[in-house]
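1. Next come a sequence and a model predicted from it.
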Protein chains: 2
Amino acid sequence: MKIDPNHLHILSAIIDAGGLSEGAHAVNKSQPSVSRTIATLEARLGFRLFEKGKRPLRPTEPCLLLAEQGRAIAQASERAAQAAIQYSGGKSGTARIAGTPIFMDGVIANMLASFQGAFPQVTIHQSYGYLDDLSAQLDAGSIDLAICPVRPDAVQDNMAFKPLLRGRNVIACAPTHPLARRSAFKLEDIAAYPWIAPPAGSPLYADLRGALATIGISDFRVSFTGGSLASILSIMAGSDSLTVLPYSVVFMQNHTKLVTALPVKLEHPERALGLVWRADRPMRPAVKRFRRYLEAEFQGLANRIEQKGRRAVWRS
Amino acid sequence: MKIDPNHLHILSAIIDAGGLSEGAHAVNKSQPSVSRTIATLEARLGFRLFEKGKRPLRPTEPCLLLAEQGRAIAQASERAAQAAIQYSGGKSGTARIAGTPIFMDGVIANMLASFQGAFPQVTIHQSYGYLDDLSAQLDAGSIDLAICPVRPDAVQDNMAFKPLLRGRNVIACAPTHPLARRSAFKLEDIAAYPWIAPPAGSPLYADLRGALATIGISDFRVSFTGGSLASILSIMAGSDSLTVLPYSVVFMQNHTKLVTALPVKLEHPERALGLVWRADRPMRPAVKRFRRYLEAEFQGLANRIEQKGRRAVWRS
DNA sequence: AATTTTCATAACATCAAGTTATATTAAATA
DNA sequence: TATTTAATATAACTTGATGTTATGAAAATT
């Protein structure tokens, strides 16, 4: 014997609503419709579901057992609908994101935390990589979204790119650094200090070399290389080392009082930190929501940077 | 949004069976049928349930959530089917029975216990009453089955009657009673002992008077009246009292060694212990099953009584 | 590259289930 | 007890979902 789940659902609705007409209304059907549903159900089961000839419809014993299951079915159905809505709205699901380590640790991590607070049902898979690697992963479909500095003209054909923040590097050091405490200094003074270099393959490393060249420093001493943002900050805090970091990273770390930027203007390639994804594939709702969230956060960040920038003087 | 429970069930079947065709087979449908079901479901939900263009069908994230609910639905549906089968087979449900107190306590109670052992899901509501009362309750529909001694010609038109045991009353006493220990005694000896009388309104009380008259005793001393079988047995065990009981009751109490029957043949109205129910109403499966059970039990009891009867000598 | 397996689509048939209109009937009321 | 009222059952019809078979298309596999 197999019983149509819909029938059980209707049955439970009748019981719970306390009448055939009320039950019919509860499931958005006409009274004759549910009346016949009950009739056919009774015929199949071989026993009555409601006592014969009783006007306030009186359920029989087995009817109540079946209605119980009907309620379970209605509940499951409702849960499913909710799950579908949650997913469609990007409030549940998975987003796989990856980006350059310094940005991910220095800027995105904060936003990620607040996103998870707002949408706890969304699972975020985060990983690290540089542009080429990220592109390959996007192509392979193993990540949904890449976050990295890109020259807009370097974006692949099948990729969409959404710039979030103008790229700008600065010379960073501990707030306790001798240069940071001097109101003014000559560019030559910089040469006296050791450097922390980003990982050798990273764009930031190339930026470091290029930037120092533009301010006339070609020969510099590297005291540390290859670490993550956390280690760079630690080392900087305990030494007089200098390094090159994106300004947004320094800005976001402002509250930690671990790092500050020297008022020196650096030249470097025209890149923008932005989001990259495959334009030819539909984006899952959770990814879409995360993307929108990041865009909004970066808009706020850009504004705050802008405000602060108006009060600072940068020497070139 | 509302999702058809059947669709969710089909979805879960596909997931669990590991393929569209297998899933279709699992729900007794053709492959194209479930294929289209999935297609329409996807269209309604607005997202894919299976990754596009992957041949070993790969479920998407929300698909698994929905399938979960589908399983719950399948389970509820199955439970409902089981409940229906249980009920139809009389293995669950309720039977409301009533009968004369002495019989209920002395004979039926035992059978009831074994029935409940065999069919624990059947709820038995037991109550007491004499024929008129029982008939009224049957008519009112407050009981399903009456068990009492009836003169077959006294059965109402709308009632069915199934005799279970020929009625036969005996004089009962404790096994330690002086008369019980004597191999022979005169009927006049009986007159010397006090009597325990059944409740005044009961047929048994009328039987007691009638029976004693037939053996020449018209004047007898009643030492106790009005109790239940348990109290009658207790009093008899602790005294030299006599009483009149149906032989089946004495027989069933045999193992307790609390009561025995004197070998005296009593005359009384031609009644049979039997089942009475309303012939014009369908009998619920659980009641039907209980009725059949009782009939079988009484068949066995009748045989045992018959066997023992062949070895006994009764004086009239 | 050929084959196999698996899923999607087309075209059609059928039946379950929806509808409105109306008849019945149990309960309430006069 | 007759009448009224409200609730359910039935009738007649329409529609849409779902079933079918036959067949096409596309991954995976060999």
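-> Right, received. Where do you want to start? Numbers count the residues shown, from 1 in each chain, chains lettered A, B, ... in the order given.
2. Now do stretch A:203-218: everything it contacts.
-> Outside stretch A:203-218, the residues that touch it by Cβ atoms under 8 Å, 6 or more residues apart in numbering or on different chains are A:100, A:102, A:130-131, A:149, A:169, A:171, A:187-188, A:190-191, A:195, A:197-199, A:220, A:243-246, A:264, A:266-269, A:271. From N, CA and C alone the C-beta is placed, and that goes for glycine too.
3. what are the phi and psi values for A:Leu298?
-> For the record, residue A:298 is Phe, not Leu. Main-chain torsions, A:Phe298, degrees, to the nearest 10: phi -70, psi -30.
4. What separation is there between it and A:Ile232?
-> A:Phe298 sits 22 Å away from A:Ile232, going by Cβ to Cβ, to the nearest Å.
5. One more: A:Gly90?
-> In this view, A:Gly90 and A:Ile232 are 34 Å apart by Cβ to Cβ.
6. of those two, who's got more company?
-> Shown here are A:Gly90 and A:Ile232; by other Cβ atoms under 10 Å in any protein chain shown, A:Ile232 has more neighbours (26 against 22).
7. Residue of the stretch 1-150 of chain A nearest DNA strand D, please.
-> Nearest residue of the stretch 1-150 of chain A to DNA strand D: A:Pro32, at 3.0 Å (Cβ to the nearest atom of the strand).
8. Which secondary structure state does that residue sit in?
-> Here A:Pro32 is recorded as helix under DSSP: H, G, I helix; E, B strand; the rest coil.
9. Report pLDDT for it.
-> pLDDT recorded at A:Pro32 is 93.
10. Could you do A:Arg315 as well?
-> We have a pLDDT of 61 for A:Arg315.
11. and if you look at A:Met252?
-> For A:Met252, the pLDDT comes out at 92.
12. you'd agree it is up against A:Ala109?
-> No: between A:Met252 and A:Ala109 there is no contact under Cβ atoms under 8 Å: 9.0 Å.
13. Those two: which has the busier surroundings?
-> A side-by-side neighbour count of A:Met252 and A:Ala109, using other Cβ under 10 Å, places A:Met252 first with 22 against 13.
14. where's the more buried one, which helix or strand?
-> Using DSSP states H and E, A:Met252 sits in helix A:247-252.
15. Skip ahead from that helix and say which helix or strand is next.
-> Per DSSP H and E, helix A:247-252 leads on to strand A:260-261 as the next helix or strand towards the C-terminus.
16. That next one: partners in the sheet, and parallel or antiparallel?
-> If you go by DSSP bridges, strand A:260-261 pairs up with strand A:169-173 (antiparallel).
17. Could you name the helices and strands sitting against the helix or strand harbouring A:Trp277?
-> Element membership for A:Trp277 (DSSP H and E) is strand A:272-278. The helices and strands touching strand A:272-278, judged by 3 or more Cβ pairs under 8 Å, 6 or more residues apart in numbering or on different chains; DSSP states H and E, are helix A:131-140, strand A:145-150, strand A:159-166, helix A:285-310.
18. now these as a markdown table including distance to B:Pro175 and mean pLDDT?
-> Below are the helices and strands packed on strand A:272-278 laid out as a markdown table (distance: least, Cβ to Cβ, whole Å; pLDDT from 0 to 100):
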| stretch | distance to B:Pro175 | mean pLDDT |
| --- | --- | --- |
| helix A:131-140 | 94 | 90 |
| strand A:145-150 | 94 | 94 |
| strand A:159-166 | 101 | 93 |
| helix A:285-310 | 85 | 93 |
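19. which of these is buried the deepest?
-> Of all these, strand A:145-150 has the most neighbours on average by mean count of other Cβ atoms under 10 Å in any protein chain shown, namely a mean of 24.
20. and that strand, anywhere near chain B?
-> No: Strand A:145-150 lies out of reach of chain B by Cβ under 8 Å from any Cβ of the partner chain, never closer than 15.9 Å.
21. quick one, phi/psi of the nearest residue to A:Ile147 once chain neighbours are set aside?
-> Once flanking residues are discounted, A:Ile147 sits nearest to A:Gly99: 3.4 Å by Cβ to Cβ, 6 or more residues apart in numbering or on different chains. Main-chain dihedrals, A:Gly99, degrees, to the nearest 10: phi -170, psi 180.
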